[in-house]
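>>> Take this sequence and fold it.
(2 chains)
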There are 2 protein chains.
Amino acid sequence: MTSEHTVRFDLVVIGSGPGGEACAKRAAQNGLSVAIVERRELGGTCLNRGCIPTKLFLGATECIHELAAQSKFKLLSGSIQPNLPALQKRKEQVLNGSRQGLRKSFEQLGIALFEGSAHIHDASHIDVQLSDGPQAIEFGNLVLATGSAPSAFPGLEPDGERILDSDGILDLTEIPESLILVGGGVIGLELGRFFSRLGTKITVVEALDRLAPFEDPDVSKTIAQLCKREKWKLLLGKRVQSLRSTAEHAELTLESGEELTADRVLVATGRGPVFDGLGLEESACTQDSRGFIQVDEYLKAAAGIYAIGDLNGQALLAHAASHQGQYVADIIAGKTSAPYSSGPMPWCIYGAPESIRVGKMAEDMRAEGLSPVVSQYALAANPIAQAHALAQGFIKILWNDGKICGVTAVGHGVSHLITQATLMVSESWTLADAHRIIWAHPTLDEALLHAILADQTAV
Amino acid sequence: MTSEHTVRFDLVVIGSGPGGEACAKRAAQNGLSVAIVERRELGGTCLNRGCIPTKLFLGATECIHELAAQSKFKLLSGSIQPNLPALQKRKEQVLNGSRQGLRKSFEQLGIALFEGSAHIHDASHIDVQLSDGPQAIEFGNLVLATGSAPSAFPGLEPDGERILDSDGILDLTEIPESLILVGGGVIGLELGRFFSRLGTKITVVEALDRLAPFEDPDVSKTIAQLCKREKWKLLLGKRVQSLRSTAEHAELTLESGEELTADRVLVATGRGPVFDGLGLEESACTQDSRGFIQVDEYLKAAAGIYAIGDLNGQALLAHAASHQGQYVADIIAGKTSAPYSSGPMPWCIYGAPESIRVGKMAEDMRAEGLSPVVSQYALAANPIAQAHALAQGFIKILWNDGKICGVTAVGHGVSHLITQATLMVSESWTLADAHRIIWAHPTLDEALLHAILADQTAV
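Okay, here's the model as predicted:
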């Protein structure tokens, strides 16, 4: 395969999502010769089928939610009609702009872009199927950043007709009258909120006994209260037995025997790693029990091969992938030799209410044999939350030995607190640290300060 | 005057705005006996006639602005009708709730509240005119926190009819068809934005050559662009000669001779200290050239008397007042003996766009003989700004010797960046500090990160 046509790079990255992008760019900045391979649209799931389109949809429709909230107090009245085809067109414009920006930034850094499917040939070569034929590439190191895709339990797979996954539902141009969310986690909640604003009647079927099951139980409770206020039907602790599309609607049968119908069903039960066609069998890479690629403490999957981002299953988050990508670029360039450490990982759920989490929750502390101590603040007392007529929610600070070890919040706009919260957890702030700066008034940020200063109680 | 009816407190605070409140509470927590005196509503300007009602008005009407922004892209259509009387009623409910909360918090801390006008009697006594007669109070220390009120140039005073100050305009129950803002600073801009959303036609007359004249000139430029897009008429570098109300409208004559009429005029040309009736002539307090009470580096105005907050004119901001109040409570309790230092002061202008400033601007650095270096980021590239269809604006980072010494921003929701920006300036972040944490994606906060990492250029 190595021939006069083979090209060689110090680093070849497969996948141009946030992990691959960050890794390729950092490696180029570190002086390595770098190629990046992408078989679909530049930017991966985050840009094309994940964070960015969902935030665009939620941002564009936020005023529908706000109008409803203010109308309850009779401060405003009126109506807003969404135009889903126009929103889809805008989405394509925005994503196209970002993809072009990404392409240009690769060029500027001298990163070679190969658009086609990659296949591992041997321990130092891959082949890429370009539109004009195969290209052999020799690599010094290979970084796999091929990401994840929606996954479904056997028998509950989307059919692309009325039963969709998050990829499919993001392309709808007709507003469904009714939508059943199978899965009440972050993906289901964000997309459910979007369609709820468009007027779609929402039902959630969640196998566990609460929405947002990875969050603090009080966060789940607040989210459920607000969903019910918006007339969502919540079927918690219920499992789906079967799903099928008919000409008229989607049919869902629960294990309990109950039958539901709706215009559409969104299956949002999880995501799995993507490496089809990559020829991993040609490498020494192995999978963990969930199917993700196993990596060591340096994110190495095999000799000369790293696996970063969703593919290794450590945290299915764009910013986790970027962080890992930069680390691996530094490891390969010899700029660091320490094992990988992410530090506290920020998690957000967008829409209304928003929720955030960083560091430990009470149950995490108990599991570690620690005694959780909590201080908290109700957003009802915050003037910015009051002004947005969405004062439900709270901020909880988790303390360990006088130091902040976790922050959890739910309510209006709390995603804006995530960086500050991450810093507080990362640096184990004490009470005294709250006074390092003047906190501007009136801000949502002050609610963090008040939560820090509130009475601490063992929970 | 000292008699069997005289009561004594270690500390007497006059004024229950943010400065007085913070001072009284911290002093009580420090173990002092504390009284607070208030002649108007509890909570001072901030709660009753300043930050809180303006943020409530802006928050309640934000969806009007958002609908307009999204409608330009045809993503949404529709109309929203504001109900100003209902908004006034809601304002009263919210403020009442906060005042009650404040009253209760004083009770819980054992702070004695005297509701009436205070008059300085001698170096250790004040009299308070309560509803049932005068009360003599002996103090160990006295803190003056009587705040500020709108001020106007002679001949341009509001008449309370068609010519209003910020106090008066906040109580309107009828939406003016047209409004002239005399003064294009923070107060004029925030109130102008509110009425603009209600459909009022806005004209700004500003004596200086730009809006928001205390901000970075590029911030002023962006604000002006967006005001023009909303059809505001901007008369910059123009001075008002005369103002008068008639039965039909308010009439304004510029020094240039040009005449303007409108339904209402808001005079927002500044604020001055309030100490009428206080009997400052009985004390050794003095005024500076602007009329504010002079204080030393410990915020002391005379033996045993401190002046905090707007009254001393250092920074007319609620959070500046609170910070000073806490400091003075610590000084009096012997918990600190260091001169007062605020650290970097955060400034925000709310509405759309928002703007923030903390630390130095380029012109500040030049004035200090430093060579300003700037890195900046356009919000157009931020997915959260994009989603809100308001992608104008930027973040500027000012660097001195490789350390962040100032942050300025204008655009969608940038008030949410103020705490993080304050911390960065306060701690003189270097480039390396940007990597102390994982920045969640997608967030507005990331725009700060990108601004930090952007190319640095001398300006």
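
>>> Paired strands for the longest strand belonging to chain A, with orientation please.
Among the elements of chain A assigned as strand by DSSP state E, the one spanning the most residues is strand A:133-144. In its sheet, strand A:133-144 lies beside strand A:7-14 (parallel), strand A:125-130 (antiparallel), strand A:305-307 (parallel), with partners assigned from DSSP bridges.

>>> Which helix runs longest in chain A?
When every helix of chain A is counted residue by residue (DSSP state H), the longest turns out to be helix A:84-108.

>>> Give me the buried positions along that helix.
Neighbour counts over helix A:84-108 (16 or more other Cβ atoms under 10 Å in any protein chain shown) mark A:84, A:86-88, A:90-91, A:94-95, A:98-99, A:102-103, A:106 as buried. No exception for glycine: its C-beta is placed from N, CA and C like everyone else's.

>>> again, but for stretch A:255-271
Within stretch A:255-271, judged by 16+ other Cβ under 10 Å, the buried ones are A:260, A:262-269, A:271.

>>> swap in stretch A:378-391?
Of the residues in stretch A:378-391, A:378-379, A:382-391 count as buried by neighbour count, 16+ other Cβ under 10 Å.

>>> try stretch A:430-440
Neighbour-count burial for stretch A:430-440 [16+ other Cβ under 10 Å]: A:433-434, A:437-440.

>>> could you say which helix or strand contains residue A:266?
Secondary structure here is read from DSSP states H and E; on that basis residue A:266 sits in strand A:264-267.

>>> so what does the following helix or strand past that strand touch, helix or strand wise?
For strand A:264-267, the following helix or strand on the C-terminal side (DSSP H and E) is strand A:271-273. Applying 3 or more Cβ pairs under 8 Å, 6 or more residues apart in numbering or on different chains; DSSP states H and E, one finds that strand A:271-273 makes contact with strand A:148-150.

>>> that older thread, can you flag which of the buried residues of stretch A:378-391 belong to strands?
Those of the buried residues of stretch A:378-391 lying in strands (DSSP E): residue A:378.

>>> from the buried residues of stretch A:378-391, which single one is nearest residue B:416?
Compare each of those with residue B:416 using Cβ to Cβ and the shortest gap goes to residue A:384, at 9.2 Å.

>>> Just send the strands paired with strand A:133-144 back as CSV, with mean neighbour count and mean pLDDT too.
Putting the strands paired with strand A:133-144 into CSV (neighbours: other Cβ atoms under 10 Å in any protein chain shown; pLDDT from 0 to 100) gives the following:
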stretch, mean neighbour count, mean pLDDT
strand A:7-14, 23, 98
strand A:125-130, 19, 97
strand A:305-307, 27, 98
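
>>> will you turn these into JSON lines that also has distance to residue A:276?
Putting the strands paired with strand A:133-144 into JSON lines (distance: least, Cβ to Cβ, whole Å) gives the following:
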{"stretch": "strand A:7-14", "distance to residue A:276": "12"}
{"stretch": "strand A:125-130", "distance to residue A:276": "14"}
{"stretch": "strand A:305-307", "distance to residue A:276": "15"}
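
>>> For the residue most central in space within chain A, give me phi and psi.
Nearest to the geometric centre of chain A sits residue A:317, at 4.5 Å (Cα atoms, centre = their mean). Listed backbone geometry of residue A:317 is phi -140, psi 140, with angles given as degrees, to the nearest 10.

>>> Tell me which of the buried residues of stretch A:378-391 fall in helices.
Counting by DSSP H, the members of the buried residues of stretch A:378-391 that fall within helices are A:383-387.

>>> quick one: contacts for residue A:285?
With contact taken as Cβ atoms under 8 Å, 6 or more residues apart in numbering or on different chains, residue A:285 is in contact with A:144, A:293-294, A:301-302, A:305, A:307.

>>> ok, of those residues, which come out buried?
Among the contacts of residue A:285, those scoring as buried are A:144, A:293, A:301-302, A:305, A:307 (criterion: 16+ other Cβ under 10 Å).

>>> Among the residues you listed, which one lies nearest to chain B?
Closest to chain B out of the buried ones among the contacts of residue A:285 is residue A:307 (18.7 Å), distances taken as Cβ to the nearest Cβ.

>>> What is the neighbour count of the closest residue to residue A:389 other than its chain neighbours?
Distance criterion Cβ to Cβ, 6 or more residues apart in numbering or on different chains; nearest residue to residue A:389, sequence neighbours excluded, is residue A:69 at 4.1 Å. By the measure other Cβ atoms under 10 Å in any protein chain shown, the count of residues near residue A:69 is 19.

>>> So residue A:69 lies in a helix, does it not?
Yes. Read with DSSP: H, G, I helix; E, B strand; the rest coil, residue A:69 is one of the residues of a helix.

>>> Can you give the domain ranges for chain A?
Residue ranges of the domains in chain A are recorded as A:7-149+A:273-332, A:163-269, A:347-458, according to automatic domain parsing.

>>> quick one: average confidence on the last one?
Averaging pLDDT along domain A:347-458 yields 96.

>>> which SS state does residue A:429 fall under?
coil.

>>> mind listing what it touches?
Under the criterion of Cβ under 8 Å, 6+ apart, the neighbours of residue A:429 are A:403-404, A:423, A:452.

>>> does residue A:42 sit in a helix, a strand or a coil?
Of the three states, residue A:42 takes coil under three-state DSSP.

>>> Give me the pLDDT value at it.
Per-residue confidence for residue A:42 comes out at a pLDDT of 98.

>>> do the same with residue A:4
57.

>>> What residue in the stretch 251-400 of chain A comes nearest to chain B?
Counting by Cβ to the nearest Cβ, the stretch 251-400 of chain A gets nearest to chain B through residue A:387 (2.4 Å).

>>> ok, for that residue, nearest residue in space, not its chain neighbours?
residue B:59 is the one closest to residue A:387 (Cβ to Cβ, 6+ apart), at 2.4 Å.

>>> just checking, the one you found is part of a helix?
Yes. Counting by three-state DSSP, residue B:59 falls inside a helix.

>>> In this structure it contacts residue A:388, no?
Yes. A contact is recorded between residue B:59 and residue A:388 when judged using Cβ atoms under 8 Å, the distance being 4.9 Å.

>>> distance between stretch A:27-43 and the chain's centre?
Distance, stretch centre to chain centre, for stretch A:27-43: 22 Å (Cα atoms, centre = their mean, to the nearest Å).

>>> any bit of that stretch sitting next to chain B?
No. Using Cβ under 8 Å from any Cβ of the partner chain, stretch A:27-43 stays clear of chain B, coming no nearer than 10.8 Å.

>>> quick one: the helices in chain A?
Going by DSSP H, chain A shows helices at A:18-29, A:44-49, A:51-60, A:62-72, A:84-108, A:166-169, A:186-197, A:217-229, A:318-332, A:362-367, A:383-387, A:418-426, A:445-453.

>>> same for the third one, what does it pack against?
In other words, helix A:51-60. The helices and strands touching helix A:51-60, judged by 3+ Cβ pairs under 8 Å, 6+ apart, are helix A:84-108, helix A:186-197, helix B:383-387.
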